[in-house]
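Novice: sharing a model prediction with you, sequence too.
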Amino acid sequence: MNNFVTRGTVLPEAVRPPATGAARPAKLGLIAVFVLLVLLGLVISLAASNLISRYGMPIVVALALLAPPTLIYVAWSCSRGFSKLKVLWRQLSWYHVLWLLVLASSFVIRLRDVGGLQSNPLDAAAMYRVVLVAITAFTLVVRLVLRRTNWMGSMFRGLVLIMTIFALMCTLSTIWSVNAPFTLYKSLEYLNDVALLAAILVTIRSTESFETLFDWTWLLIGLLVASAWVEVPIWPHEALEEGYMAGILKFRLTGIFPGQGSNGLGSFGAIIAAVAFARLWPIAGRKFDKLWYSFVLLLGVATMVCTQTRAAMGGFVIGALLVLLFTKRVGKSLAVGVCATALLALTGFGDTILKFLQRGQSRIEVLSLTGRVQWWSVAWDVFKQRPFSGFGAFAAPFAVWGKMGEEGFGPLHSDYVETLVGNGIWGPLPIIIAVVATWWILLKFFRHLPPGSMERQLAVESLAVLAIVTTRSVVMNLIIFHPPVQYFVILGYAEYLGRRAASYRASAPES
């Protein structure tokens, strides 16, 4: 008897083979796609209603037409990014976790004025920050005691020594601070950041390992930028700062959770854009995923534009020019620049750009750097009261805002002004020395690094990001505020190159 059924025969229900296990996941996948589409439709409907009320139907229609290809591009790019994340995830070590913890400890959960800060310094949000910092410090101490990572000596070498001196200066200023507990905690917090960097430099043995720290840092910063964009359709009024009617855009992107001001968010956007730019136009011999990094570049530029952060844009332009210079693309960039200038002049679009950069401010407001000049003028008067001791590290806002009669508490929007008032005339010196030394070391080693090497590529990226950090440090607090991961990863790489060169010289046989 034949044990087969001819093609086209329909089997009775009783003798049909059971369905395979693959059918059930397929049905679950269809259900998941359906639910996702429903949720996406609800989000788009909510966003569309807000956009129509703000900008009118024509702009919303144009956005609707651009939405399908944009979503395809974003989905395709993100799929490439996820594949890179899987590779990076397998390379993570203990110090990557601590790097994440110190960054997470800086998340702003609530805002307080001076009175609230003094009356209840350790509320639930503050305890969240303290606990994460304590976990990091405890881990470092345990690794030191068990001789797993002897990071103590690393704190007193090279560029890390400069930052250690700064942290110890801050800690010493607790004695005369106008708010001793605040100064002591913030100083120890910063010293913990320096210790973590010192431990990382002891642990990392290869450029490939340092590359993972770069990628991890840019990934975390990129996720903070992406979170702000995800919040736009959920909380459009808050995320777009409803009522901020300055300039052409009539809004300003900000982060809700974690709380991210437009200035800080714009700095992060500039950093990921600079990294993407350096990897889209790498040094000769290096190749990167152009689809993924084109998406990151667009995300970073869009963030800079929508946060309207002028200094971040200026820093990005300088960083991009350095990338073109060190990758030997100056001629092409000049040609593009000339054509772009001519196009702006002929079309009159340059006036629109100027209006955008003015953000609806008057000439006086622009020259005052959005009020910063006034704050710094008051800070200078306060500094002259204690020119050699200062008012205590990180406590400068207590003295300055109090003199101005302001109840709010916030930074003085300059690393150098903040340290000048807080630590006295000596305060800015370690920061200036560290920044200048980082520039000098990176430029020095770039000339001697092998062409086409990963070391040379990371040096280009470092210089591009360092341009942003240096520019923004004049009008923002990027270097002295916990945790300065965007600066420490660059300073750490410069120190890594210096220590590796010293090790080679020490091990080389005498001629």
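Specialist: Alright, I've got the coordinates.
Novice: can you give me the neighbour number for Leu412?
Specialist: Other residues lying near Leu412 total 24 when counted by other Cβ atoms under 10 Å. (Glycine included, C-beta is placed from N, CA and C.)
Novice: and Thr207, how close does it get to Val465?
Specialist: Thr207 is 17 Å from Val465, where distance means Cβ to Cβ, to the nearest Å.
Novice: those two: which is more packed in?
Specialist: Just comparing Thr207 and Val465: by other Cβ under 10 Å the higher neighbour count belongs to Val465, 27 against 18.
Novice: who are the packing partners of the helix or strand encompassing the more buried one?
Specialist: Taking DSSP states H and E as the definition, Val465 sits inside helix 454-475. Where contact means 3 or more Cβ pairs under 8 Å, 6 or more residues apart in numbering; DSSP states H and E, helix 454-475 is packed against helix 207-230, helix 262-280, helix 310-326, helix 415-423, helix 428-448, helix 485-507.
Novice: can you tell which of those is closest to Phe166?
Specialist: Closest approach to Phe166 among the helices and strands packed on helix 454-475 is made by helix 428-448 (3.9 Å; Cβ to Cβ).
Novice: what are the buried residues along the closest one?
Specialist: The neighbour-count check on helix 428-448 (16 or more other Cβ atoms under 10 Å) flags 428-432, 434-435, 437-439, 441-442, 445-446 as buried.
Novice: sorry, back to before: how far does the helix holding Val465 sit from its chain's centre?
Specialist: 12 Å (Cα atoms, centre = their mean, to the nearest Å).
Novice: that helix to helix 485-507, inter-axis angle?
Specialist: Computed by axes from the mean of the first three to the mean of the last three Cα atoms, to 10 degrees, the angle separating helix 454-475 from helix 485-507 equals 140 degrees.
Novice: can I get helix 454-475 as CSV, trimmed to CA atoms?
Specialist: Taking Å, rounded to 0.1, in the frame of the first residue of the first chain, the C-alpha atoms of helix 454-475 are listed here in CSV:
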residue,chain,number,x,y,z
MET,A,454,42.0,53.5,15.3
GLU,A,455,44.2,55.7,17.6
ARG,A,456,44.3,58.4,15.0
GLN,A,457,40.5,58.2,14.3
LEU,A,458,39.7,58.5,18.0
ALA,A,459,42.1,61.5,18.2
VAL,A,460,40.0,63.2,15.5
GLU,A,461,36.8,62.5,17.3
SER,A,462,38.3,63.7,20.5
LEU,A,463,39.4,67.0,19.0
ALA,A,464,35.9,67.5,17.5
VAL,A,465,34.2,66.9,20.8
LEU,A,466,36.8,68.9,22.7
ALA,A,467,36.0,71.9,20.5
ILE,A,468,32.4,71.8,21.6
VAL,A,469,33.3,71.3,25.3
THR,A,470,35.8,74.2,25.2
THR,A,471,33.3,76.5,23.5
ARG,A,472,30.4,75.6,25.8
SER,A,473,32.5,75.8,29.0
VAL,A,474,32.7,79.5,28.5
VAL,A,475,28.9,80.0,28.7
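Novice: and that helix, what's buried?
Specialist: So helix 454-475, judged by 16+ other Cβ under 10 Å, has buried residues 454-475.
Novice: and for stretch 68-83?
Specialist: With burial defined by 16+ other Cβ under 10 Å, the residues of stretch 68-83 counted as buried are 77, 81.
Novice: domain parsing for this protein?
Specialist: 53-90, 93-166+174-203, 205-360+427-502 (automatic domain parsing).
Novice: for Arg386, find the nearest of the ones you listed.
Specialist: Among the domains of the chain, domain 93-166+174-203 comes nearest to Arg386, with 8.0 Å by Cβ to Cβ.
Novice: and that closest one, what's its mean pLDDT?
Specialist: Averaging pLDDT along domain 93-166+174-203 yields 90.
Novice: surely Trp216 touches Leu88?
Specialist: Yes - using Cβ atoms under 8 Å, Trp216 is in contact with Leu88, at 6.8 Å.
Novice: more neighbours: which of those two?
Specialist: Trp216 (23 against 14).
Novice: tell me which element Met169 is part of?
Specialist: Using DSSP H and E, Met169 maps to helix 158-172.
Novice: now the angle from that helix to helix 415-423?
Specialist: Helix 158-172 and helix 415-423 meet at an angle of 40 degrees, taking the same axes, to 10 degrees as the criterion.
Novice: can you name the element that comes right after helix 158-172?
Specialist: helix 180-203.
Novice: now do that next one: which elements does it pack against?
Specialist: helix 94-104, helix 124-145, helix 158-172, helix 485-507.
Novice: run the chain-centre distance for it.
Specialist: The chain centre lies 19 Å from the centre of helix 180-203; the measure is Cα atoms, centre = their mean.
Novice: got it, and stretch 481-498?
Specialist: Here stretch 481-498 is found 13 Å from its chain centre; the criterion is Cα atoms, centre = their mean.
Novice: using PDB, write out every CA atom in it.
Specialist: As requested, the backbone C-alpha atoms of stretch 481-498 are provided in PDB (Å, rounded to 0.1, in the frame of the first residue of the first chain):
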ATOM      1  CA  PHE A 481      29.700  69.700  37.100                       C
ATOM      2  CA  HIS A 482      29.100  66.100  38.100                       C
ATOM      3  CA  PRO A 483      29.700  64.000  36.100                       C
ATOM      4  CA  PRO A 484      31.700  65.600  33.200                       C
ATOM      5  CA  VAL A 485      31.700  62.300  31.200                       C
ATOM      6  CA  GLN A 486      31.800  64.200  27.900                       C
ATOM      7  CA  TYR A 487      35.100  65.800  28.900                       C
ATOM      8  CA  PHE A 488      36.600  63.100  31.100                       C
ATOM      9  CA  VAL A 489      36.400  60.500  28.200                       C
ATOM     10  CA  ILE A 490      38.500  63.000  26.100                       C
ATOM     11  CA  LEU A 491      40.900  63.900  28.800                       C
ATOM     12  CA  GLY A 492      41.200  60.200  29.700                       C
ATOM     13  CA  TYR A 493      42.100  59.300  26.100                       C
ATOM     14  CA  ALA A 494      44.800  62.000  25.900                       C
ATOM     15  CA  GLU A 495      46.200  60.600  29.200                       C
ATOM     16  CA  TYR A 496      46.000  57.000  27.800                       C
ATOM     17  CA  LEU A 497      48.100  58.100  24.800                       C
ATOM     18  CA  GLY A 498      50.600  59.800  27.100                       C
END
